[in-house]
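make a model of this:
(2 chains)
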Amino acid sequence: MSTLLTLFSGIAIAAGVVFFLAGTVALLRFPDPLSRLHALTKADSLGLGLIVLGLLPWAGGWFAALKLILVWLLVLLAGATATQLIAERLRGEDPPP
Amino acid sequence: MTLLLDLILGLAVVGVAVWTLAVRENFPAVIGFVAYGLLLALVWVRLGAVDVALTEAALGAGATGVILLFAVVRLRGGRAEIDAATPGPRQRLAAGILCGVVGLALAVAVLSLPDPAPSQAAAVARHLPELGVANPITGVLMAYRGLDTLLEAVVLVFAVLAIWSMAPDRRWGAVPGPVFPVQSNGPLSLLARLLPPIGIVVGIYIAWVGADAPGGKFQGGTILAAMGILAWVAGLWRLPPVASRGLRWAVVAGPLAFIGVGLLGFVFADGFLSYPPAIAKPLILLIEAAMTLSVAAALVLMVAGPPEGRRA
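Numbering: from 1, shown residues only, chains lettered A, B, ... in the order given. A predicted model of the protein is given here:
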């Protein structure tokens, strides 16, 4: 059981790290702000979600696990809002073709 | 492995600090400063100082970052003023040398500490139960270094006074800071409605849990201030005018409670800021609660700036 859990966590966290890595590379390489935003939100929401998922079995109890999930939900909310605000401002400056 | 991680973290802190100083524009410099603060918070976590990490993340990166961002926005179009206030190369060189010497002296002092370093920790830990406070950091801040903490609290009031004193006479007594349009829909409005109920609970919890675990008035108060600022920026909450008596009481409540309890120490205990052991815990809680309110109020007012609007 514990080996399975370790395997599950390893895969989830590794997948999360891949998203963060891809998001960082995209942030540096993508040409325009909107696609950079798109890349960043993947890292924030999916990457962090996968890492939280991988950490859940090791959180030390239900309460701590719930806290981890709450942290992820709050980051989702804040990240999505910030992205929308930046995108709104960008559209106002330079309407898409 | 951990050494490698710590090394990367340490180098990242220094790298971001250098970048923040070197970058020419204001806005990226503030972003660099916030990133620096968050990395520094991670360093404190690695050193086992979770209380300091929380304070650094909330006040160092968060609150100071927002205050600086507002400053950047206000400075737009103020090229002449910025140039007039920017120190010349000679002054900057002198400041750099001074910082370098102080940093070097601190490094030498830390490296030349005897091992184990002299510490009062054991004596403090023995007397903590008398205070009824389980978090040793809070115990030290409230009892052993109470005067320092009191002065920190008073500094906040002076900071608000200094900012208010920049108001032109005709604006005195008016609402502080810009008045934002009401966001009735859109992402900011959603966030400003969803987050404050959660944030207020978290802020009060962090202030409350400071007695037993990492947390406390400054960290909790900062979160409360952040919720207020969010609602204010979204136009959902109007700041009271600076002439408002309630607002002024909120700013001075913490320091007044602190000084009041401190003075009572002359009568009921061993002197200024000394708590009678029987009611040490309730007194500390009273100060912490009043201070949480004052920290939150002072931070909102520091972000808002001097009175700008019409007289109420």
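
how about stretch A:57-77 and chain B, touching?
Yes - contact of stretch A:57-77 with chain B (C-beta under 8 Å from any C-beta of the partner chain) involves A:L74, A:L77. For the C-beta atoms, the positions are set from N, CA and C on the backbone; glycine is no exception.

so who does B:D51 touch?
B:N135, B:I137, B:T138, B:P214, B:G215, B:G216, B:Q219 (C-beta atoms under 8 Å, 6 or more residues apart in numbering or on different chains).

at 10 Å instead, please
By C-beta atoms under 10 Å, 6 or more residues apart in numbering or on different chains, the contact set of B:D51 is B:44, B:135-138, B:141, B:210, B:213-216, B:218-219.

same check on A:F8?
So A:F8 contacts A:L53, A:G54, A:L56, A:P57 (C-beta under 10 Å, 6+ apart).

then B:G146?
Contacts of B:G146 by C-beta under 10 Å, 6+ apart are B:V140, B:F258, B:V261, B:G262, B:G265, B:F272, B:L273, B:S274, B:Y275, B:I284, B:I287.

same list, these, but as JSON lines with neighbour count and secondary structure please.
Output for these, formatted as JSON lines (neighbours: other C-beta atoms under 10 Å in any protein chain shown; DSSP: H, G, I helix; E, B strand; the rest coil):
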{"residue": "B:V140", "neighbour count": "19", "secondary structure": "helix"}
{"residue": "B:F258", "neighbour count": "26", "secondary structure": "helix"}
{"residue": "B:V261", "neighbour count": "24", "secondary structure": "helix"}
{"residue": "B:G262", "neighbour count": "19", "secondary structure": "helix"}
{"residue": "B:G265", "neighbour count": "17", "secondary structure": "helix"}
{"residue": "B:F272", "neighbour count": "15", "secondary structure": "coil"}
{"residue": "B:L273", "neighbour count": "23", "secondary structure": "coil"}
{"residue": "B:S274", "neighbour count": "17", "secondary structure": "coil"}
{"residue": "B:Y275", "neighbour count": "25", "secondary structure": "coil"}
{"residue": "B:I284", "neighbour count": "23", "secondary structure": "helix"}
{"residue": "B:I287", "neighbour count": "27", "secondary structure": "helix"}
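
low-confidence regions, chain B specifically.
The model of chain B has pLDDT under 70 over residues B:310-312.

thinking again about what came up before, and the contacts of B:G146, which is closest to B:P197?
B:P197 lies nearest to B:I287 out of the contacts of B:G146, by C-beta to C-beta, at 26.5 Å.

surely the closest one meets B:G260?
Yes - contact criterion C-beta atoms under 10 Å: B:I287 and B:G260 qualify, at 8.9 Å.

which residues does the residue in the stretch 151-300 of chain B positioned nearest to chain A contact?
The stretch 151-300 of chain B approaches chain A most closely through B:P187 (3.7 Å), counting by C-beta to the nearest C-beta. Residues in contact with B:P187 (C-beta under 10 Å, 6+ apart) are A:L77, A:A80, A:T81, A:A82, A:T83, A:Q84, A:L85, A:I86, A:A87, A:E88, B:A234.

for B:L151, see how far away B:G62 is.
Here B:G62 is placed at a distance of 22 Å from B:L151 (C-beta to C-beta, to the nearest Å).

those two: who's more crowded?
Neighbour comparison, B:G62 and B:L151: the larger count goes to B:G62, with 21 against 12 (by other C-beta atoms under 10 Å in any protein chain shown).

which residue, other than its chain neighbours, is closest to the residue of the stretch 151-300 of chain B closest to chain A?
Spatial nearest neighbour of B:P187, chain neighbours left out: A:Q84 (3.7 Å); criterion: C-beta to C-beta, 6 or more residues apart in numbering or on different chains.
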